[in-house]
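Asker: Sequence first, then the predicted structure, then my questions.
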Amino acid sequence: MSTLSATNSARQKVLGYPVDVVDQAKALDMIESAWQRGRGMQIVTLNAEMVVAAQQDAELDRIIRHAHLIVPDGAGVVWAVKLNGVQVQRLPGIELASATLRQAAVSGRRTVLLGGKPEILAQLSDELPQRFPGLNIVASHHGYFSLDEEEEVVDELTNHEPELVLVALGVPKQEYFIDRWQSYFPQAVFIGVGGSFDVWAGQVKRAPVYMQKLNLEWLYRLICEPWRWKRMGSTLPKFFLQVVQDCLKGKPQRVKPNDTAPQSCSKSDKTDCR
Ligand code: UDP
C-alpha cells in the first residue's frame, strides 16, 4: 500500500503548474489501472528547469497542464511543494520508468522504446529483457529522425499496438512528440524519460546514492555535464527566486480540498482528469 495518505495524494501547484503528490506505488497503481481499462495516459516528470522552460513556451505549458499524471521528479519541485507544508518525496523519472518496465514485464505488456542513439537502443533491446524477465519489447526506434520522418516512425510503432511507450528525446522534444501522436496509441502509457536510456546502457552515471538522498542529483549532473551550466545556470535561480517571492507574498499554492490526483484516461477526456 502507498505510504502517502489520501490527503497527500492531492494535486499541488508549483508556480502555477500541477504536481501530483504520488509515490511510486501510487503511480504504478494508476498505470496498472490505465492498462486494465485499455486507456492511455501521459506522464510528465516535472523539474524546475521544465517549469521555467514552460513559462516561456506556451506549447510546453499546455502539455504539462493537460498531462494525466505529473510526478515530482526534481529536487526544486519537491522543495517548493514542501514549502506549502505538504509532505512529498522525489519520484525520479528514471526510477518510475524502471519500475514501470518491471510491472510491464510481469504481464507481458507490449512495450516500445523510442529515442536515444541507435547503438544504445540496440544494447537495451538485448539487455532490458534480461534485467526484466518477461519484458515484451515489440519495437524500438532511435531518436534521430526529422519532423518529416515522424509520421513514418509513428506508423511503424502503431502497428504493434503498444501499451507502454518510453520516449527518450529530451525535454521538450519528447513532450511535443507525445502530445502530437498520443491519440494514435489509444492504449499506451507514455512516459518522457529524458536521458534514462543512456543511464541504463551505462553510458551516463547517476549521482551516488548519498547525493540522491540529499536531493543533489542536479548538482552531480552539473558537475559531470558542464554544458548544462548554460541551461541550468539561468533557469534554477529563476525558479528559486520566483518560489521565494510567491512564498513571501503569501501566495501559497495550496491544495484545494477536492483537487485530487487524476485517474488515467484517454486523450478525449483529459479535461475530466485535470
Ligand atoms: N535525443 C534523441 N534525439 C534528439 C535529441 C536527443 O534521441 O534529437 C536523446 C539523447 O540521445 C539522450 C536524450 O535524448 O539520450 C536526452 O537526454 P538528456 O539527459 O539531455 O535529457 P533531459 O532529461 O536533460 O532533457
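Answerer: Done, it's in.
Asker: drop to CA atoms for contacts and neighbour counts, all remaining ones
Answerer: OK.
Asker: Let me know the pLDDT of residue 273.
Answerer: At residue 273, the predicted lDDT confidence score is 33.
Asker: before we move on, what about residue 206?
Answerer: pLDDT recorded at residue 206 is 94.
Asker: and the gap between it and residue 94?
Answerer: Remark: distance between residue 206 and residue 94 (C-alpha to C-alpha, to the nearest Å) = 10 Å.
Asker: These two: which is more packed in?
Answerer: Shown here are residue 206 and residue 94; by other C-alpha atoms under 10 Å, residue 94 has more neighbours (21 against 17).
Asker: Does the more buried one touch residue 193 like I think?
Answerer: Yes - using C-alpha atoms under 8 Å, residue 94 is in contact with residue 193, at 6.4 Å.
Asker: Where does pLDDT dip in the stretch 101-250 of the chain?
Answerer: By pLDDT under 70, the stretch 101-250 of the chain has no low-scoring segment.
Asker: and it, which residues reach the ligand?
Answerer: With C-alpha under 6 Å from any ligand atom as the criterion, the stretch 101-250 of the chain meets the ligand at residues 115-117, 143-144, 168-171, 194-195, 197-198.
Asker: Could you rerun that using 8 Å?
Answerer: Within the stretch 101-250 of the chain, the positions adjacent to the ligand are 114-117, 142-145, 168-173, 193-198 by C-alpha under 8 Å from any ligand atom.
Asker: Please list only the buried members of those.
Answerer: The neighbour-count test (16 or more other C-alpha atoms under 10 Å) marks 114-117, 142-143, 168-173, 193-198 as buried among those.
Asker: Residue 182 and the ligand, how far apart?
Answerer: Using C-alpha to the nearest ligand atom, to the nearest Å, we find residue 182 at a distance of 18 Å from the ligand.
Asker: What is the burial count for that residue?
Answerer: Around residue 182 there are 21 other residues, counting by other C-alpha under 10 Å.
Asker: same check, this time on residue 241
Answerer: Neighbour count for residue 241, taken as other C-alpha under 10 Å: 11.
Asker: Ok, residue 122 next?
Answerer: 14.
Asker: how near is it to the ligand?
Answerer: Residue 122 is 13 Å from the ligand, where distance means C-alpha to the nearest ligand atom.
Asker: just residue 236 next, same as before
Answerer: Residue 236 is 13 Å from the ligand, where distance means C-alpha to the nearest ligand atom.
Asker: helix or strand for that residue, which one?
Answerer: Per DSSP states H and E: residue 236 is located in helix 228-248.
Asker: which helices and strands sit right next to that helix?
Answerer: The elements that helix 228-248 packs onto, with contact taken as 3 or more C-alpha pairs under 8 Å, 6 or more residues apart in numbering; DSSP states H and E, are helix 48-55, helix 75-83, helix 217-224.
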